[in-house]
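*Asks:* structure for the following, please:
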Amino acid sequence: MRVFIIGSGGREHALAWKLSQSPQVTEIYCAPGNGGIAEIATCISISATDIEGLLKFAKEKQIDLTIVGPEAPLLEGIVDRFKEHNLPIFGPEKLAARIEGSKRFAKELMQKYDIPTATFRSFTNAEVAKEYVRSHGVPIVVKADGLAAGKGVVVAHSIEEAELAIEEIIEKNIFGDAGREVVIEEFLSGQEVSLMAFVDGTTVKPMVISQDHKPVFDHDQGPNTGGMGAYSPVPQIPQSVVDEAISSILKPMAEAMYQEGLQYQGVLYAGLMVTETGPKVIEFNARLGDPETQVVLPRLKTDLLEILLAIVNGKLEEMEIEWDHQAAVCVVMAAGGYPSTYETGHLISGLPNDTDQQVIFHAGTKRANGKVFTSGGRVLGVTALDQDIPKAKAKTYQLVQQITFTNAHYRKDIANKALSHSFILDK
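*Replies:* Numbers count the residues shown, from 1 in each chain. Model (predicted):
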């Protein structure tokens with residue numbers, strides 16, 4: 001089968017890597033791809049949001065299945081357009097993707113269907129929003145309503161910090177149209193986890209859980225990023241909590257979408273806060289997480305292509321999905337200055353070879369004259385597997401230390417939150 005992956009990051013490299021293991025896959029194309037994806041797929045110079053260009057390419061190459069990686073093309077209706085032309089494509093339609101595209105839409109849906117989440121209000125007027133913050137106090141969470149590449153959330157610990165966030169989002173318009181409205185939420189305390197699921201209508205098949213690290217610096221300091229690393233499993237979160245999240249959050253949300261007339265086919269990602277009173281939703285995404293995908297897919301034993309085809313053909317209910325008991329740790333190596341201004345074009349040296357226990361997932365890279373150079377903020381997702389978190393973490397950081405590029409930056413505490421717990425996993 002010919003498969004076509006949309007996107008250019010570490011998530012898309014992980015998808016290409018996993019799909020290349022399927023005996024049914026004969027050719028992989030990726031638009032626009034990156035320096036690592038180019039080793040296992042044919043990269044096509046088409047933007048991920050050039051829907052008509054992507055559609056034309058898929059027709060010309062008689063693509064059997066298109067997989068959408070990032071959120072932007074989903075919200076621009078790529079799935080709807082491909083379906084109009086009877087081209088099989090994996091991902092939710094435009095209206096269903098609003099679960100990620102509008103935080104207010106998601107929160108109102110959760111409120112309507114009694115899905116546990118933080119209390120909230122939404123505002124389009126900065127002064128009214130500031131008054132709400134002053135009356136409720138801090139800590140409090142300020143979010144841009146729309147897409148902001150994982151950077152549109154501020155956890156404010158002072159009134160001044162919250163007011164500044166409101167000004168920047170609404171008045172200074174730093175996120176463009178995504179910030180025409182802000183959602184202000186109750187602050188939740190606990191441990192964050194990512195729980196993704198394959199969804200076909202009301203059929204929900206959960207993946208293994210993972211934990212992301214959003215802030216740029218160690219000890220969760222500094223501004224939020226797209227994600228500086230992840231690990232899976234999350235041993236400090238009991239399976240009973242995961243089961244509760246599946247039954248009280250993922251399955252009810254799939255049912256809610258169905259009740260609203262939205263046929264959801266794709267990945268439903270729940271960003272959760274495990275609080276003293278149980279798991280609550282921080283956000284929903286309409287696609288695989290990045291860098292969570294880089295630790296979840298390496299643990300998937302079932303042929304990924306078979307799962308995706310089952311969803312597209314409305315047969316997910318018939319699938320049995322198996323997972324590896326090994327642990328996986330991913331450390332993101334970023335360009336110096338990320339998530340603010342950063343340089344590109346630096347030579348990357350010391351890249352180790354991939355094996356079945358270690359993979360270097362490329363994100364912001366490009367290939368030229370047989371060499372690999374930096375081309376983005378998050379450059380590489382260095383991933384290793386082993387029997388437990390400590391061993392996988394040690395192996396990952398050994399790989400990180402082999403790789404060099406000018407002003408490389410990475411967190412040194414990825415997976416530390418798991419280290420005070422027991423790790424040997426049940427076979």
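
*Asks:* which residues of the chain fall in helices?
*Replies:* 10-19, 51-60, 71-75, 78-84, 98-101, 103-112, 126-136, 159-166, 239-245, 251-259, 293-296, 304-312, 389-402 (DSSP state H).

*Asks:* highest average neighbour count across those helices?
*Replies:* Highest mean neighbour count of the helices of the chain: helix 293-296, a mean of 30 (counted as mean count of other Cβ atoms under 10 Å). Where you see a C-beta, it was placed from the backbone N, CA and C, and this is true even at glycine.

*Asks:* and the residue nearest to the spatial centre of the chain, what does it touch?
*Replies:* Most central in the chain under Cα atoms, centre = their mean is residue 289, positioned 1.4 Å from the mean C-alpha point. If you count contacts by Cβ atoms under 8 Å, 6 or more residues apart in numbering, residue 289 has them with 11, 194, 196, 210, 212, 227, 230, 269.

*Asks:* just name the closest of those residues to residue 183, please.
*Replies:* Proximity of the contacts of residue 289 to residue 183 (Cβ to Cβ) peaks at residue 269, which lies at 17.8 Å.

*Asks:* burial of the closest one, as a residue count?
*Replies:* 25 (other Cβ atoms under 10 Å).

*Asks:* hey, what's it bridged with?
*Replies:* Note on residue 269: beta-bridge partners residue 196, residue 285, judged by DSSP bridges.

*Asks:* show the contacting residues for it.
*Replies:* Residue 269 neighbours (Cβ under 8 Å, 6+ apart): 194-197, 284-289, 292.

*Asks:* please report how far the residue nearest to the centre of the chain lies from residue 405.
*Replies:* 25 Å (Cβ to Cβ, to the nearest Å).

*Asks:* just residue 5 next, same as before
*Replies:* Taking Cβ to Cβ, one finds residue 5 at 25 Å from residue 405.

*Asks:* those two: who's more crowded?
*Replies:* Neighbours were counted for residue 5 and for residue 405 using other Cβ under 10 Å; residue 5 has more, 27 against 22.

*Asks:* list the contacts for the more buried one?
*Replies:* Residue 5 touches 12, 15-16, 19, 28-31, 33, 37, 41, 66-67, 69, counting by Cβ under 8 Å, 6+ apart.

*Asks:* make JSON lines from those residues and add pLDDT and distance to residue 370 to it.
*Replies:* JSON lines is the format used below for the contacts of residue 5 (pLDDT from 0 to 100; distance: Cβ to Cβ, whole Å):
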{"residue": "12", "pLDDT": "98", "distance to residue 370": "22"}
{"residue": "15", "pLDDT": "98", "distance to residue 370": "25"}
{"residue": "16", "pLDDT": "98", "distance to residue 370": "20"}
{"residue": "19", "pLDDT": "98", "distance to residue 370": "25"}
{"residue": "28", "pLDDT": "98", "distance to residue 370": "21"}
{"residue": "29", "pLDDT": "98", "distance to residue 370": "22"}
{"residue": "30", "pLDDT": "98", "distance to residue 370": "20"}
{"residue": "31", "pLDDT": "98", "distance to residue 370": "23"}
{"residue": "33", "pLDDT": "98", "distance to residue 370": "17"}
{"residue": "37", "pLDDT": "98", "distance to residue 370": "16"}
{"residue": "41", "pLDDT": "98", "distance to residue 370": "18"}
{"residue": "66", "pLDDT": "98", "distance to residue 370": "30"}
{"residue": "67", "pLDDT": "98", "distance to residue 370": "28"}
{"residue": "69", "pLDDT": "98", "distance to residue 370": "26"}
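
*Asks:* JSON lines please, covering these and showing distance to residue 110.
*Replies:* As requested, those are arranged in JSON lines below (distance: Cβ to Cβ, whole Å):
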{"residue": "12", "distance to residue 110": "29"}
{"residue": "15", "distance to residue 110": "28"}
{"residue": "16", "distance to residue 110": "33"}
{"residue": "19", "distance to residue 110": "33"}
{"residue": "28", "distance to residue 110": "37"}
{"residue": "29", "distance to residue 110": "37"}
{"residue": "30", "distance to residue 110": "34"}
{"residue": "31", "distance to residue 110": "34"}
{"residue": "33", "distance to residue 110": "36"}
{"residue": "37", "distance to residue 110": "35"}
{"residue": "41", "distance to residue 110": "37"}
{"residue": "66", "distance to residue 110": "30"}
{"residue": "67", "distance to residue 110": "27"}
{"residue": "69", "distance to residue 110": "25"}
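
*Asks:* from those residues, which is closest to residue 80?
*Replies:* Nearest member of those to residue 80, counting by Cβ to Cβ, is residue 66, at 12.7 Å.

*Asks:* same list, the contacts of residue 269, but as TSV with distance to residue 307 please.
*Replies:* Below are the contacts of residue 269 laid out as TSV (distance: Cβ to Cβ, whole Å):
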residue	distance to residue 307
194	18
195	17
196	12
197	11
284	20
285	18
286	17
287	15
288	12
289	17
292	16
